[in-house]
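Test case, fold it:
(4 chains)
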There are 4 protein chains.
Amino acid sequence: MATRRFTAPADFPEPAALDEFYGALAEADVQPLWAQQGLMPRTPPLRDVPALWKWKRLRALAERSGELVPIDRGGDRRVLAFANPGGGGLPYATSTLWGAVQYLGPGELAPAHHHTPGALRFVLEGSGVWTLVDSDPVAMNPGDLVLTPSWRWHEHHNPGTGPMLWFDGLDIPMVRAVDAVFFEDGPDRMTNRAVDTVSRAELRYAGAPGLLPLDDEPPAPHSPLLAYRRAETDRALTRLLAARGGPHAALRFADPTSGADVMPTLRCAMHRLLPGLRTPTTRRTGSSIWVAYSGAATAVVDGHRFDLEPGDVLAVPSWAPFDLAATEPTDLFSVSDAPVLEAMRLARTETLPAHQELR
Amino acid sequence: MATRRFTAPADFPEPAALDEFYGALAEADVQPLWAQQGLMPRTPPLRDVPALWKWKRLRALAERSGELVPIDRGGDRRVLAFANPGGGGLPYATSTLWGAVQYLGPGELAPAHHHTPGALRFVLEGSGVWTLVDSDPVAMNPGDLVLTPSWRWHEHHNPGTGPMLWFDGLDIPMVRAVDAVFFEDGPDRMTNRAVDTVSRAELRYAGAPGLLPLDDEPPAPHSPLLAYRRAETDRALTRLLAARGGPHAALRFADPTSGADVMPTLRCAMHRLLPGLRTPTTRRTGSSIWVAYSGAATAVVDGHRFDLEPGDVLAVPSWAPFDLAATEPTDLFSVSDAPVLEAMRLARTETLPAHQELR
Amino acid sequence: MATRRFTAPADFPEPAALDEFYGALAEADVQPLWAQQGLMPRTPPLRDVPALWKWKRLRALAERSGELVPIDRGGDRRVLAFANPGGGGLPYATSTLWGAVQYLGPGELAPAHHHTPGALRFVLEGSGVWTLVDSDPVAMNPGDLVLTPSWRWHEHHNPGTGPMLWFDGLDIPMVRAVDAVFFEDGPDRMTNRAVDTVSRAELRYAGAPGLLPLDDEPPAPHSPLLAYRRAETDRALTRLLAARGGPHAALRFADPTSGADVMPTLRCAMHRLLPGLRTPTTRRTGSSIWVAYSGAATAVVDGHRFDLEPGDVLAVPSWAPFDLAATEPTDLFSVSDAPVLEAMRLARTETLPAHQELR
Amino acid sequence: MATRRFTAPADFPEPAALDEFYGALAEADVQPLWAQQGLMPRTPPLRDVPALWKWKRLRALAERSGELVPIDRGGDRRVLAFANPGGGGLPYATSTLWGAVQYLGPGELAPAHHHTPGALRFVLEGSGVWTLVDSDPVAMNPGDLVLTPSWRWHEHHNPGTGPMLWFDGLDIPMVRAVDAVFFEDGPDRMTNRAVDTVSRAELRYAGAPGLLPLDDEPPAPHSPLLAYRRAETDRALTRLLAARGGPHAALRFADPTSGADVMPTLRCAMHRLLPGLRTPTTRRTGSSIWVAYSGAATAVVDGHRFDLEPGDVLAVPSWAPFDLAATEPTDLFSVSDAPVLEAMRLARTETLPAHQELR
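Residues are numbered from 1 along each chain as shown, chains lettered A, B, ... in the order given. Below you'll find the model as predicted:
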């Protein structure tokens, strides 16, 4: 991919005058546009690289962290963040998205805090854990998507006997890019010890598709439905596949009161692929993280092939050619920055005329 | 309720001059504002009256119509429309809403047509009937709400052995008020004979609350979900009651892709009342029709008491004081013109300080 | 235009049984659909007729009303309303719009009131009159459009030496159709006697195109800009004609903070036609009133020809074919119900393949 | 400002085990949350510093660049970018905004290109220059704001006899943060040599406040009005000051068709301050650049005092306390990232109880 350069013309007559001028610029805290390299490339360069984290290895590291690292004030959470190998050492899965595996052992409590970055949890292993969102107890079980949106108090506790591991997706890089991170600790003790209950959020908003409280509360800047259950996602995918009559279906997790994305910064989706089709090679502005939930599939990103098994996590950079094929029926969860790209009117999609070749 | 009058002042000096002047006005097709009676009342006068149609009587009349009146081209539908006793002979349940009972006998087909008025069907009796909406087969069973929105082709057929009776709600008076009724016949033969299937609309949009096709079709001017099933409404009401912890819950039927009302002119809702509470006496601009689905309740409208049993239909005029109390657990369906009132910015609600008294 | 009829089939076997049945229906306040005439026509029938009111005659009648009729409490306004000859005696210019000429003599005060119908004033003759909107003094001069939106207090006073005549446009028929008219008297004395001032509304919102107060007040359900001045309309039309390079330009009066129509029920526009072009024959759902401001033009509505001179008022019914041609440079003001038709998703426009012929 | 740290607890029993574990994490491209420094601070830290660039010095450097550096393909533009002294050497005025001075000598042409970052020009010196936006010739004169929105072709040419200097504001850091920069060269030759004309954009959209083409084109993702003229801004500020009756008024440059900001990523405003008032000390998430146009004022940012004279440029970081006071009537232009902060629902404003003190 060619990179546009703003370069000084070759026929500058006086190198010494130029040197002096450049010195004066530097002293004045200004920089000449024509000396910038890669400020305005023809197409977005890959800042990150496509990358895969294998569940087997992640699982072992997470378990080891459970043995070695306590969770309490100061640490708050036992989280292993994906650091994109092309990301210059930053703890980000892609240039816009934070991804991590979180481990909560039996009997543990991750105490309450809130922060402006929005977070979602996609459960990979374990059951019977609770996330309290402003004290509303939201159950967590495998395949569930649970939201803890911006600035909502949240805490997690595990009253069971086994550990839980989940995928964390956050918008931290984007919130940091606009210098808007705020954070506060909540109380150290759990605010609601109820279990065996259904969250108020679900009682109000998960009754049935298209049924909303008649005299509703004022809209929130995020979905008021804080949990999307695996059984429902599974059923909806089955039905959507039937409607499409095809080997690929994808559902967007949405605010049931508005159809908007679950949070103003993050789009979540669940994809089902049946064997027999390779999706068209497509590239999009904005990045995404893909988490395999079940089945087996192959992704190709920018010419690199990745095999996806349950629990594996894949980072897809902005504008990287990307396609998928399943070798058995496969469910994949994805999170992207699409709402921000769309709000900035920078969303672009291009489907290539033929499948990309492997490098 | 006092009515404001624009009256001519008492001290007009020259009756003859005035008479001549009024004659000249009439000849010129102009009318003086000061001679208008009731053009601008202090509050909306009751144009319609509160009225109740009892199911027992309706049921018998509908059955008799099935014996006497065929459905075919020219008639198209076997429909008995509620005519508000205060409505000056017009076939409208209220000044803005058409309400009716429709009867479709076994083996009958109500052939395809479309019209700009939007329609909804709330099923009261019978099962196994199909409404085809642009050929998509939508099943009809008791307690279901089925939509045939503006200008969508629709036909009904009854492949079963018993009749079906449903409530029809339409926006005909409003569409006529703005002179925008269009109508066309479709083909005489059924466009899709499939039964034992799920509509494409439901496969796509009724998968689960908050789950939408990722790459959706462009939005329609109405809900793309064309059926809301009794079992789901029942479940959602149960959950909402649990969330509220109170004796009254109401769900609005909404477009799952936007949260908007099912049609741009009609708001539908399902109400559940438990015994022990009389709702506050409230009045609202815009009218509504209420259809009892189950249980037993008492409504008071403008001081008149009405007992509601399953299948009964109640018309509530604009700005009429209205409250409800259940004597056993009761489900009520309602349809109103609220979206139009809100679009015109004329929606007003007032809760009276005490319950209205009976006249 | 053929009208669809729901008629009873010819082969009804038992007239007596039918008669008895129809009697039972009438007793039960229900009406059979199949007996309705013209409920669902193929296209909207002309409820109103195209009609023209000539300024010369209106002017004389208005002046005479000034001699004969005082304005004070009880009457409030000296208004002559256009009554469409096809409208069954109702004082409405079209089935959805109220139009009138108002006359305010020198030294007169039309005292404060407010009502839910929204009103606009388009000034035809006179100068130096003031409309107070919630006490904000809005000057009135020929060619100005002045708004007194729904439920805003308004009063008019004429501190000058000559009378003023203006066109009133209101949404009364639509507000009555949904039973939402409210009215209240204000104080009898003028709330603000300031003259030689600019309204706060204009100081805030008429500074320059695209410039809005940075920390603005919450949006109103109508344009916060209450006056659109003739000089500005004239300049804007001149520029738009230059941009189009054509003989016809039209500007919509809009809320500068949102681009929405001036009121949720009414669309206003100013049209400039140069000689040499007959506009395409078009029909639209929804009705409009046209007020000639300057020049001379010919309108054809549903095959009838009308000559328009300054001050003339033309009613165009829903779905009536309509076109215009100027014989000299002509400015026309129009008001329509388009925002309501659009909110109800019933707006349709059709341009005929050739110009309509005269009847 | 305290920074929250995620630190490892002090009582880890086995440093060796930890070391080994950390090594395994690094190998797996994952990073522990508890080792992150400053990822989630209690409030946004100052990434940039408040900074002032004085016009006198900028003017001299820009003039020198005109002598030394040609503009042609490869360079395209003679631009000196503000590099925030706290920004780690990046050529950005703040962490989200690019700011620069551009110099176009007499007879020069800056050839056509387009890019996804959106740009605005606020003219500081010179006259009679033209920016072509998709070939529409937009005049540039002192105090004018001219837009070249995302992906619109633009070129500048100076047919006059003196140089022009303007302020450039772009969203480059934000577009880069989401990896969505695209760039293409246009033709080398000017696409439209017309001068002494008014842009089509202005003819259509700058006619008068609240007047829009009736049958408008589909909305663009930015204001279709591409120039806001100094004379109009001046007049609008005068009127707004009159309406407020106070010493401070600010106008937002808006899309006249929607009231939205001029671009989806940038908010522009013009502020007028009269002597005698120090504005309240306020801090906001998101950064801004302020350009003095006339008068003399003092800004205090995070306790640092800056004197503003015409042409001076001030960078205000996110969440930095900020206030202004004028010593003579002063006009200031500002550009900020507010639309992005609002779309992400991260906009926060806090007014301090008392003015900040100088450090």
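
So for stretch A:14-21, what gets flagged as buried?
Within stretch A:14-21, the residues that count as buried by 16 or more other C-beta atoms under 10 Å in any protein chain shown are A:Phe21. All C-beta atoms are positioned from the backbone trio N, CA, C, and that covers glycine.

Then stretch A:21-29?
Across stretch A:21-29, burial judged by 16+ other C-beta under 10 Å covers A:21, A:25, A:28-29.

Give me the contact list for the one helix or strand A:Ala16 maps to.
Using DSSP states H and E, A:Ala16 sits in helix A:15-27. Helix A:15-27 has contacts (C-beta atoms under 8 Å, 6 or more residues apart in numbering or on different chains) with A:8, A:12, A:31-32, A:35, D:61, D:64-65, D:68, D:80.

Can you list the low-confidence ranges for chain A?
A:1-13, A:72-75 (pLDDT under 70).

what helix or strand is A:Ala242 on?
Secondary structure from DSSP H and E places A:Ala242 in helix A:230-244.

elements contacting that helix?
The elements that helix A:230-244 packs onto, with contact taken as 3 or more C-beta pairs under 8 Å, 6 or more residues apart in numbering or on different chains; DSSP states H and E, are strand A:248-253, strand A:267-273, helix B:200-205, strand B:211-213.

how about it: buried residues?
Buried positions in helix A:230-244, judged by neighbour count with 16+ other C-beta under 10 Å: A:230, A:232-234, A:236-237, A:239-241, A:243.

residues in the stretch 251-359 of chain A within reach of chain D, list them.
Contact residues, the stretch 251-359 of chain A versus chain D (C-beta under 8 Å from any C-beta of the partner chain): A:264-265, A:285-287, A:317-319, A:337, A:340-341, A:343-346, A:348.

Select from these every entry located in strands.
Judged by DSSP state E, those include no members of strands.

wait, what's in contact with A:Asp215?
B:Ala250.

What of A:Pro44?
Counting by C-beta under 8 Å, 6+ apart, A:Pro44 makes contact with A:285, A:318-319, D:179-182.

State whether A:Leu61 is indeed within a strand.
No. Looking at A:Leu61 with DSSP: H, G, I helix; E, B strand; the rest coil, it is helix, so not inside a strand.

How much space separates it from A:Gly88?
For A:Leu61, the distance to A:Gly88 equals 22 Å [C-beta to C-beta, to the nearest Å].

With neighbour numbers in mind, choose between these two.
More crowded of A:Leu61 and A:Gly88, by other C-beta atoms under 10 Å in any protein chain shown: A:Leu61, with 21 against 11.

quick one, helices of chain A?
A:15-27, A:55-68, A:172-177, A:200-205, A:230-244, A:338-343 (DSSP state H).

and the residue of the stretch 51-200 of chain A found nearest chain B, what does it touch?
As assessed by C-beta to the nearest C-beta, chain B sits closest to A:Arg200 within the stretch 51-200 of chain A, at 5.3 Å. If a contact means C-beta under 8 Å, 6+ apart, then A:Arg200 has A:136, B:243 as its contacts.

Can you show me the strands along the stretch 51-200 of chain A?
For the stretch 51-200 of chain A, the strands defined by DSSP state E, counting those that start in this stretch cover A:51-53, A:79-82, A:98-104, A:109-115, A:119-125, A:129-133, A:136-140, A:145-148, A:154-157, A:164-170, A:183-185.
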